[in-house]
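In: Sharing a sequence plus its predicted fold:
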Amino acid sequence: MQNDEMVFIKPRQELINISKMYESLRYNDYSTENGLGEIVDNSVEAGARHINVFFEKKKVKNGKRETEAVGSIVVVDDGCGMNEDVIKKCLVLGCSMRVKRNGRMGIGRFGVGMTLGSISLARRVEVFSRDDEKKDFLYTFIDLDMISNGQITQMPEPEYRALPEKYAEYMFGNTGTVVILTNCDRLDGTGKRQDANEVNASIANYLGRTYRKFIESGLQIYLDGRRVCLHDPLYIAGPTQFDTKEKQDPKAVLYSQTTLDWDIPGMSGEKAPITIRLSLLPKEWRLNIGDGGKAEAKKRKIDQNEGVSILRANREVLYDKVPYLIGTKGQYSYEENDRFWGCEILFPPELDECFQVRYIKRGAEPIGPLKDRLREELTSAVKSLRKTIKGDRAQQKAENNQKASAFDNAENLMGDVDALLPANKAGKSMSKEEEDQKINEILDQTLDDAEDKKEEKKEQLLNKPYSVVPVKYPQSILFEPEFLLGNKVIIKLNVNHPFYKNIINPLCGDITKEDTTTVTNEKSKIKDAIMLLLLSYAKAFASFSDENSTMLENLLTSWGSILATVVNKMES
Ligand SMILES: Nc1ncnc2c1ncn2[C@@H]1O[C@H](COP(=O)(O)OP(=O)(O)O)[C@@H](O)[C@H]1O
Ligand SMILES: [Mg+2]
C-alpha cells in the first residue's frame, strides 16, 4: 500500500543541503574521547585483537611560543575489514551494515558513529580496509572542505591503494582497517588547540576504562606504541598497570552481583538481563582517614572513584556520580567514603530505550520504573557498604589508639616545647644514609620484632621530634639517647634495668604491652612524669657536641649502675 503511494510523490528538492549539513553536524556532543571511541568501537566489533591508536603531533605557534598539538589521529586494527560494498557506505551517514551476531546486537547500531565521531574532530577522514588477504587495500575518504565547496556531493568510489608504509607494520593480521583523521581542528569540541600530552593521558585513561572488558579478555590496545592497561573502577579486573610478574596489586572483592530480567520494549514477553555488580576496595587502601588522597591512591585514581559505571554491550557509556541512583528520590547523596566501593551496571543494546541511549553512545539515564528498581537495588547495598567501610575504619582507629605508644603523651609534650629549646649539637653531622642506618639499628634492638610493623615504626621515628623505644640491654644502663637529623631525640629505654622492672613497671603498668586500655589516669600521669624526666635529660645531652659523647656515655653508664645498685638494695 505504502509503496503504491510513494510512486505518486515526485522528487522536488534534496532532503539535505549536504555542504551546509556536514559543517553543522560537527557541532555535536562528542568529546575527543567519545569521537575516537566511535572508531575504536568499530575496530572492537570487527573482532580486532590489536588496535593501535596514534595521536600524531605537529608543532604549532601559540602566540610567540611553539607548542605541540595533535595534527592527525590514526586507528589501525586487525579486524575483519570491509568488503567493497561496506567500505563504499561506511562513511555514509545512517548506514549500518551490521547483522546480529548469535542473534545479539553489538556496540554499533545507528550507522552514524564513524562519520559523526570523525568529523567532530577532523576535517578529513580517510579509510583503508581489506577483508581478504589476497587483495589490496580499498581506500575511500570524505573531506569537509571538498564538501563545503561542492567538489564532492557523493561518496567517492573506493579505489585500490597500498597502505602507507608507516601503518603497514601495525597491521598484524591479514585483514583490517586503518582510519586516518587529518586536519584535527576541533579536538576539545571548541576548536581550541589542546596540549598534545594532556590529550594523550586522558585518552589512555579513557581507552583503558571504556574497553576494560575487552582488554581483560585479550584485546590489545596501544596508544602511540604503548600498551594501554585496563582500569577497572571496581578494582577487581587485571592485570592493571600496577600488576607485575613479581607483585600483584591488591584487588577488591566482589561484594554483590544481581541480575534483573527486564522487559525489552516493544517485544512482548521478551526479556534481557541487566547486571549490577558492586565491589569493596581492598582494606589496606581505606583504613585511615585521608587514605583516598594519598599519592598511591591517586595513582590508582581512587580519589576520583566516585560514582557508577554503566556499560552497554560491555563497553562503558557512562562513568559518573549518578544522582538519582543512590538515596532518596531526586537527591544527590554521595559521601566521601563512596570512593571505596565500585559499581557497574551492564545492559545489552536491546534495552537501549530503557537507558535512553542516544546515537552518541555517551551517557545513559534509566527511565522511570527502571530507575526506581535500580535505586532500590543500590540504596540498600550502598548503605551496607558504607557501614562496612566506616566500621573497618573505626576498628582501625581503635587499634591505632591502642598501639599508640605508651609514651605518646610525654613525646608529644616534648614536641610541643621543642621550638623553644636550643637546636641539637649532637648528631648534626650525620648524612641521610647514616640516619637511615641508625634507625634500622634502633629498630633491630626493639622488643617488638614483627617485621611488617618495622616500616610503620620507621616512619614514626623519622617524623616525631621525640621518641621512646623500649629495648633489652644489660642491667647497668637505664637508657641511651640517639640524636638524629632535624633535631630528633630518641631514647632507647632498657626494660631490663632494675629501675624499670621494680619501679616504672609496677607504678605505671607494663608499658611494653600494646594494650594500654587498662591503665588508669593516675598511672599514666606517673609514667608521663618519669618519661619527661628522661626525655628532658636526653635533650640536655644534645646540647653537647659529638666530641663529648664518650664522656657522656660514661656518665650514663655510671649513673645507670649506681641507680641499679640502689634500686636492688631498696627491693631487698
Ligand atoms: N574498523 C572497521 N572494521 C570493519 N568494518 C567497519 C569498521 N569501521 C566501520 N565499519 C563498517 O562501517 C559501518 C558504519 O560504521 P558506523 O558509522 O560506526 O555505524 P555502526 O557502527 O553503528 O554500524 C559499520 O556498520 C561497519 O560495517
Ligand atoms: Mg560504529
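Out: Great, that's in hand. Ligands and ions are numbered 1, 2, ... in the order given.

In: Residue 511 is in contact with residue 406, correct?
Out: Yes: between residue 406 and residue 511 there is a contact under CB atoms under 8 Å: 3.7 Å. Placement of C-beta: from N, CA and C, glycine included.

In: got any residues that touch both of those two?
Out: Both residue 406 and residue 511 are in contact with residue 527, where contact means CB atoms under 8 Å, 6 or more residues apart in numbering.

In: residue in the stretch 101-250 of the chain nearest to ligand 1?
Out: Among the residues of the stretch 101-250 of the chain, residue 108 lies closest to ligand 1, at 2.3 Å counting by CB to the nearest ligand atom.

In: Tell me which residues touch that residue, please.
Out: Counted by CB under 8 Å, 6+ apart, residue 108 has contacts 41, 42, 45, 96, 98.

In: helices and strands of this structure: which one has the lowest mean pLDDT?
Out: Using mean pLDDT, DSSP states H and E, the weakest-scoring helix or strand in the chain turns out to be helix 2-7, at a mean of 55.

In: can you pull the buried residues of the next helix or strand after that helix?
Out: Sequence order places helix 18-25 as the next helix or strand after helix 2-7, per DSSP states H and E. Buried positions in helix 18-25, judged by neighbour count with 16 or more other CB atoms under 10 Å: 18, 19, 22, 25.

In: chain center to helix 18-25: distance?
Out: 40 Å (CA atoms, centre = their mean, to the nearest Å).

In: what about it and ligand 1, any contact?
Out: No: using CB under 6 Å from any ligand atom, helix 18-25 never reaches ligand 1; the gap is at least 12.7 Å.

In: Put the alpha carbons of that helix into CSV.
Out: Below are the C-alpha coordinates for helix 18-25, written out as CSV (Å, rounded to 0.1, in the frame of the first residue of the first chain):
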residue,chain,number,x,y,z
ILE,A,18,24.9,18.5,2.1
SER,A,19,27.6,21.2,2.1
LYS,A,20,26.0,23.1,5.0
MET,A,21,24.8,20.0,6.8
TYR,A,22,28.2,18.5,7.3
GLU,A,23,29.5,21.7,8.8
SER,A,24,26.7,21.9,11.3
LEU,A,25,26.9,18.2,12.2
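
In: and whichever strand or helix holds residue 379, average pLDDT?
Out: For residue 379, the host element (DSSP H and E) is helix 368-403. The pLDDT scores in helix 368-403 average 86.

In: Over to stretch 313-331?
Out: Mean per-residue pLDDT for stretch 313-331: 79.

In: List the buried residues of that stretch.
Out: For stretch 313-331, burial by neighbour count (16+ other CB under 10 Å) applies to 313, 314, 315, 316, 317, 318, 319, 322, 324, 325, 326, 327.

In: Surely residue 119 and residue 22 touch.
Out: Yes: counting by CB under 8 Å, residue 119 does reach residue 22; the two are 6.5 Å apart.

In: from the chain's centre, how far out does stretch 346-364 sit?
Out: For stretch 346-364, the separation from the chain centroid amounts to 25 Å (computed by CA atoms, centre = their mean).

In: First-to-last residue distance for that stretch?
Out: Terminal residues of stretch 346-364 lie 11 Å apart, using CA to CA, to the nearest Å.

In: And for it, what's in contact with it?
Out: 28-31, 34, 37-38, 41, 104-107, 109-110, 112-113, 116, 262, 264-267, 272-277, 310-315, 317-318, 365-367, 370.

In: Which of the residues you listed fall in helices?
Out: The members of the contacts of stretch 346-364 that map onto helices under DSSP state H are 34, 37, 38, 41, 113, 116, 370.

In: looking at these, which has the most residues close by?
Out: Among the ones in helices among the contacts of stretch 346-364, the one with the most neighbours (other CB atoms under 10 Å) is residue 37, at 27 neighbours.

In: So that residue is in contact with residue 210, correct?
Out: Yes: under the criterion of CB under 8 Å, residue 37 lies in contact with residue 210, with a separation of 6.2 Å.

In: Contact distance from ligand 1 - what residues of the stretch 51-200 of the chain qualify?
Out: So far as CB under 6 Å from any ligand atom goes, the stretch 51-200 of the chain lies against ligand 1 at 77, 79-82, 86, 90, 95-98, 108-115, 177.

In: out of the residues you listed, which touch ligand 2?
Out: By CB under 5 Å from the ion, the members of those lying near ligand 2 are 108, 113.

In: I'd like to know which of the residues of the stretch 51-200 of the chain next to ligand 1 are buried.
Out: Buried among these by 16+ other CB under 10 Å: 77, 79-82, 86, 90, 95, 108-115, 177.

In: Who are the contact partners of residue 174?
Out: residue 133.

In: Give the helix, strand or coil label for residue 174.
Out: The three-state assignment at residue 174 reads coil, by DSSP: H, G, I helix; E, B strand; the rest coil.

In: Tell me the confidence at it?
Out: So, for residue 174, pLDDT stands at 88.

In: how much space is there between the most centrally placed residue in the chain and residue 533?
Out: The chain has residue 301 as the residue nearest its centroid, 2.2 Å off, counting by CA atoms, centre = their mean. Look at residue 301 and residue 533: by CB to CB, to the nearest Å, they are 50 Å apart.

In: Quick check on the closest residue to ligand 2 within the stretch 151-300 of the chain: phi, psi?
Out: Proximity of the stretch 151-300 of the chain to ligand 2 (CB to the ion) peaks at residue 179, 11.0 Å away. For residue 179, the backbone dihedrals (degrees, to the nearest 10) come out as phi -110, psi 130.

In: isn't it right up against residue 79?
Out: No: in this structure residue 179 lies outside contact range of residue 79 using CB under 8 Å: 11.4 Å.

In: And what about residue 554, helix, strand or coil?
Out: The three-state assignment at residue 554 reads helix, by three-state DSSP.

In: so what's residue 105 closest to, chain neighbours aside?
Out: Spatial nearest neighbour of residue 105, chain neighbours left out: residue 349 (4.0 Å); criterion: CB to CB, 6 or more residues apart in numbering.

In: Read off the pLDDT value for that neighbour.
Out: What the model reports as pLDDT for residue 349 is 91.

In: now the one 4 residues further on
Out: The score at residue 353 is 89. That number is its pLDDT.

In: separation between it and residue 139?
Out: 37 Å.

In: got it, and residue 339?
Out: 48 Å.

In: Compare neighbour counts for these two and give me the winner.
Out: residue 339 (24 against 19).

In: low-confidence ranges in this structure?
Out: The chain contains residues with pLDDT under 70 at 1-8, 11, 99-104, 188-194, 327-332, 359-363, 400-404, 448-452, 512-520.

In: sorry, back to before: what about the contacts of stretch 346-364, which are in strands?
Out: When the contacts of stretch 346-364 are checked against strands (DSSP state E), the matches are 262, 272-277, 310-312, 315, 317-318.

In: just the buried members of those residues?
Out: Neighbour-count burial (16+ other CB under 10 Å) is assigned, among the ones in strands among the contacts of stretch 346-364, to 262, 272, 274, 276, 277, 310, 311, 312, 315, 317, 318.

In: Could you list the domains of the chain?
Out: Residue ranges for the domains of the chain, per automatic domain parsing: 18-227, 253-401, 404-571.

In: can you list the ones you listed in JSON lines and add distance to residue 244?
Out: Output for the domains of the chain, formatted as JSON lines (distance: least, CB to CB, whole Å):
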{"stretch": "domain 18-227", "distance to residue 244": "13"}
{"stretch": "domain 253-401", "distance to residue 244": "14"}
{"stretch": "domain 404-571", "distance to residue 244": "20"}
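
In: Show me which residues of this structure sit near ligand 2.
Out: So the chain meets ligand 2 at 41, 42, 108, 113 (CB under 5 Å from the ion).

In: Could you rerun that using 8 Å?
Out: Residues of the chain found near ligand 2 (CB under 8 Å from the ion) are 38-39, 41-42, 45, 96, 107-111, 113-114, 117.
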